[in-house]
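S.K.: Provided below for reference: sequence and predicted model.
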Amino acid sequence: MRGVGYNSGMQAAPPAPTILEETVRRALAEDIDRGDVTTEACVSPTAMGQATLHTRESVVVCGLPVLEEVYRQVDPLVDVDPIAADGDRVEARAPIAALTGPAVSILLGERVALNFMQRLTGVSTMTRRFVDALPGGSTTRITDTRKTTPGLRAFERYAVRCGGGFNHRQDLGAAVLIKDNHIAAAGGCRQAIERAKAYAPHTCRIECEVDTHAQLEEALAAGADIIMLDNFDDAAVERALAAVGGDAIVEASGGITLERVAILGALGVDVISVGALTHSAPSSDLGLDWS
């Protein structure tokens, strides 16, 4: 069951059009429902303009479909010409997209477009750092978690894929993942797994989080398909892998740093889940400059 694979060369699909349209609509309403008094006061409604979206630091680009949707809703007369593509690694001061059209409309959508692009590019850039930290030839997957910004999960998970990572379960209904509170509520690790196996459809794997070696042994004996090692140090991970012996997929989670990724990848864990990809990624420094 080992060797779940690395996301090398996989093309990431953006959020579904309905999600994209609705999320952008809400973001625009938040910013421009009362108009743009500054632009209306300073810029002629007939003026045309050109602007370039560029990065001020080395990044992995993400969010161009959102940029295009922002201006589709603001004013279809604004032409968005992508220069880079989502998933591209670009250096500082590199152009990402060119905008041409009514000056008022370009200015109207600027902040919403930048907010999305900066956030998603930050997530994809951090993800690529974790993926790049894996040892050469590794089949270990770097995945996100459900620790996402409310309302932006589909977008942030897309950014993770653009950065070369994988997604964990989408929501609570997507997979069985037994955690410490489930174990406590069920009366034990074995009881929780047995109940899950009896309840879940035959197509669903059973994952169980463990935080001690004793729980690991209990989860294996109960037939868990995936073992999540929660906050195991490197020596404990190595011992756990030996105990599993390839009989289950092994996921490492908790206390994951860039420095540990190479160690865990070399040890041979199948999955490294990193909440920081979405909950702690800094927004990238992008700018929209008039030309």
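M.R.: In hand now; what should we look at?
S.K.: residues contacting the spatially closest residue to Glu194 that is not a sequence neighbour?
M.R.: Using C-beta to C-beta, 6 or more residues apart in numbering and skipping residues adjacent in sequence, the residue nearest Glu194 is Ala222, 6.0 Å away. Where C-beta positions appear, they are placed from N, C-alpha and C, glycine not excepted. By C-beta atoms under 8 Å, 6 or more residues apart in numbering, Ala222 lies in contact with 189-190, 193-194, 197, 208.
S.K.: got the buried residues for the biggest helix by length in the chain?
M.R.: Counting by DSSP state H, the longest helix found in the chain is helix 103-132. For helix 103-132, the neighbour count (16 or more other C-beta atoms under 10 Å) marks 103-110, 112-131 as buried.
S.K.: hmm, back to that, filter the contacts of Ala222 to the buried ones?
M.R.: Those of the contacts of Ala222 that meet the buried threshold are 189-190, 193, 197, 208, by 16+ other C-beta under 10 Å.
S.K.: farthest pair in those residues?
M.R.: Greatest spatial distance among the buried ones among the contacts of Ala222 (C-beta to C-beta): Cys189 and Lys197, at 12.6 Å.
S.K.: And the strands in the stretch 1-150 of the chain, which stretches?
M.R.: 48-55, 59-60, 79-82, 89-90, 95-102, 141-143 (DSSP state E, counting those that start in this stretch).
S.K.: Of those strands, which is nearest Arg169?
M.R.: strand 141-143 (9.5 Å).
S.K.: ok now that closest one, how far from the chain's centre?
M.R.: Distance of strand 141-143 from the chain centroid (C-alpha atoms, centre = their mean, to the nearest Å) equals 10 Å.
S.K.: Rounded mean pLDDT for that strand, please.
M.R.: Regarding strand 141-143, the rounded mean pLDDT is 98.
S.K.: Please apply the same query to stretch 159-166.
M.R.: The average pLDDT within stretch 159-166 is 98.
S.K.: what's the span of that stretch, first residue to last?
M.R.: End-to-end distance for stretch 159-166: 10 Å, by C-alpha to C-alpha, to the nearest Å.
S.K.: Just to check, Val244 is in contact with Val250?
M.R.: Yes: between Val244 and Val250 there is a contact at 5.6 Å, judged by C-beta atoms under 8 Å.
S.K.: which residues are common contacts for the two?
M.R.: Joint contacts of Val244 and Val250 (C-beta under 8 Å, 6+ apart) are Ile227.
S.K.: Can you classify Glu209 by secondary structure?
M.R.: Using DSSP: H, G, I helix; E, B strand; the rest coil, the structure places Glu209 in strand.
S.K.: neighbours around it, how many?
M.R.: When neighbours are defined as other C-beta atoms under 10 Å, Glu209 has 24 of them.
S.K.: Apart from its neighbours in sequence, what residue is nearest it?
M.R.: Met228 is the one closest to Glu209 (C-beta to C-beta, 6+ apart), at 4.2 Å.
S.K.: before we move on, what about Gly101?
M.R.: Counting by C-beta to C-beta, 6+ apart, Gly101 lies nearest to Val78, which is 3.6 Å off, once chain neighbours are set aside.
S.K.: quick one: contacts for the residue nearest to Glu209?
M.R.: So Met228 contacts 177, 207-210, 251-253, 273 (C-beta under 8 Å, 6+ apart).
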